[in-house]
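Asks: My questions concern the predicted model and sequence given below.
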Amino acid sequence: MCGIAGIIYKNGNGAHRIGRDITAMLQAMKHRGPDSTGFALYHQPGHELVMRVKLADANTPRDLDFEDTLRRHRREVSQRLAAAGAQVRGVEEINPYTLSITMTYDGELKQLADYVESVPSAEVLSAGHALEIVKDLGDAKTVAGGYHLDDYFGSHGIGHVRMATESDVDISNAHPYWAYPFSDVAVVHNGQLTNYHYWRRRLERDGHRFASECDSEIVAVYLAQKLQNGWTLENAMRQSLEDLDGVFTYICVSEDALGMAKDELAAKPLVLYEGDDMVALASEEMAIRAVLDREIDTYDPYEGEVMVWTR
């Protein structure tokens, strides 16, 4: 039993406190997933590429070599980026094991991510001109505080609270998932894909790598591959209901859009509010009411429904 949430502000001017709002929604659903919390947040797209890199987990043993190892790996990440042809403009150490790197880069994103992930324990959490993924262990308030998300302004975003059932409690298995190696696409998902192994093998044959054993990562890469091939987000999501088997509800975000999809059984909950200025959706209505302090009308999308909004 996990919880998902999303908001998109229709004017898309990037001046909304999206970090604070997603945090409030996810904290309202803490009971659905106390193990880890994740955010995919979108700001105004710029010319520079922003990459989020994880070098360790919050629960990695802090032995005597831990700090020395992290310092060495931070240096190696910068060296790998330079070797791939990136011009690094800035490196922010969000915490001892998470880097936010701003750069200019004109090459293939897959090559860049692969160079970084050749550093031991390094994992690229996201890469894009508008997207930044933040995820860690703990509830939404704890994670948001550690990553200063109350000060994050943007146009839209999604989030997830996770209750671990089939995989470890660590950052790699926390949502959202970046659609490696495609820029600015991420997914949160509640449910289970029964043809997970089929799609993982198929996507791996196309050259994609997966950082986890979580079926939600399949959804992200499946959609992004179709976007790369010229599909619209809405058409890609509609096709996913034909190709992906199971019981699930998911939210996908791209640089300028947010969309939701429910499978034909509609067993996984989703509640939706749409106003003149914004759209908010979540697994429970209380999450939407955490950011809207006025009377609102909400409804549940139908089975097999796909809806997409743009900023």
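Replies: The structure has been received and is ready for your questions.

Asks: can you pull out the strands in the stretch 1-150 of the chain?
Replies: 3-9, 36-42, 49-54, 87-95, 98-104, 123-128, 131-137 (DSSP state E, counting those that start in this stretch).

Asks: Out of those, flag the one nearest Q225.
Replies: strand 123-128 (15.9 Å; Cβ to Cβ). All C-beta atoms are positioned from the backbone trio N, CA, C, and that covers glycine.

Asks: now for that closest one, which elements pack on it?
Replies: strand 49-54, helix 109-117, strand 131-137, strand 177-178 (3 or more Cβ pairs under 8 Å, 6 or more residues apart in numbering; DSSP states H and E).

Asks: and the strands of the stretch 1-150 of the chain as JSON lines, adding mean pLDDT?
Replies: Shown next, in JSON lines, are those (pLDDT from 0 to 100):
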{"stretch": "strand 3-9", "mean pLDDT": "97"}
{"stretch": "strand 36-42", "mean pLDDT": "96"}
{"stretch": "strand 49-54", "mean pLDDT": "97"}
{"stretch": "strand 87-95", "mean pLDDT": "95"}
{"stretch": "strand 98-104", "mean pLDDT": "97"}
{"stretch": "strand 123-128", "mean pLDDT": "96"}
{"stretch": "strand 131-137", "mean pLDDT": "95"}
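
Asks: so which of the ones you listed gets nearest V271?
Replies: Of all the strands of the stretch 1-150 of the chain, it is strand 3-9 that lies closest to V271, at 9.8 Å by Cβ to Cβ.

Asks: From the contact counts, what lies against that closest one?
Replies: helix 18-28, strand 156-162, strand 186-193, strand 246-253, strand 257-262, strand 278-282.

Asks: So which residues make contact with the longest one?
Replies: What that stands for is helix 18-28. Outside helix 18-28, the residues that touch it by Cβ atoms under 8 Å, 6 or more residues apart in numbering are 3, 5-7, 9, 37, 39, 41-42, 139-141, 144, 149-161, 280, 282, 284, 286-291.

Asks: Closest to the centroid, which residue in this protein?
Replies: Per Cα atoms, centre = their mean, the C-alpha nearest to the average position across the chain is that of P176, at 3.0 Å.

Asks: what's the spacing between that one and V253?
Replies: To V253, P176 is 8 Å away according to Cβ to Cβ, to the nearest Å.

Asks: same question, G246
Replies: Where V253 is concerned, G246 sits at a distance of 21 Å (Cβ to Cβ).

Asks: Which of the two has more residues huddled nearby?
Replies: More neighbours surround V253 than the other of G246 and V253, with 26 against 16 (other Cβ atoms under 10 Å).

Asks: Look up how far M260 lies from that one.
Replies: Distance from V253 to M260, by Cβ to Cβ: 10 Å.

Asks: swap in L244?
Replies: 14 Å.

Asks: before we move on, what about S118?
Replies: Distance, S118 to M260, by Cβ to Cβ: 36 Å.

Asks: now I288
Replies: For I288 relative to M260 (Cβ to Cβ), the value is 13 Å.

Asks: For the two, list the residues in contact with both.
Replies: Common neighbours of I288 and M260 (criterion: Cβ under 8 Å, 6+ apart): L281.

Asks: which stretches of the stretch 101-250 of the chain have low pLDDT?
Replies: Within the stretch 101-250 of the chain, the ranges that satisfy pLDDT under 70 run 164-167.

Asks: thought M103 was touching R89?
Replies: Yes. In this structure, M103 is within contact of R89 by Cβ atoms under 8 Å, at 5.8 Å.

Asks: Which of the two has more residues huddled nearby?
Replies: Between M103 and R89, counted using other Cβ under 10 Å, M103 has the larger neighbour count: 21 against 12.

Asks: what about the more buried one, distance to Y273?
Replies: Plainly put, M103 is 37 Å away from Y273 if you go by Cβ to Cβ.

Asks: who does the lengthiest helix in the chain touch, helix- and strand-wise?
Replies: In the chain, assigned by DSSP state H, the helix with the most residues is helix 66-83. Contact partners of helix 66-83 among helices and strands, from 3+ Cβ pairs under 8 Å, 6+ apart: strand 87-95, strand 98-104, helix 109-117.
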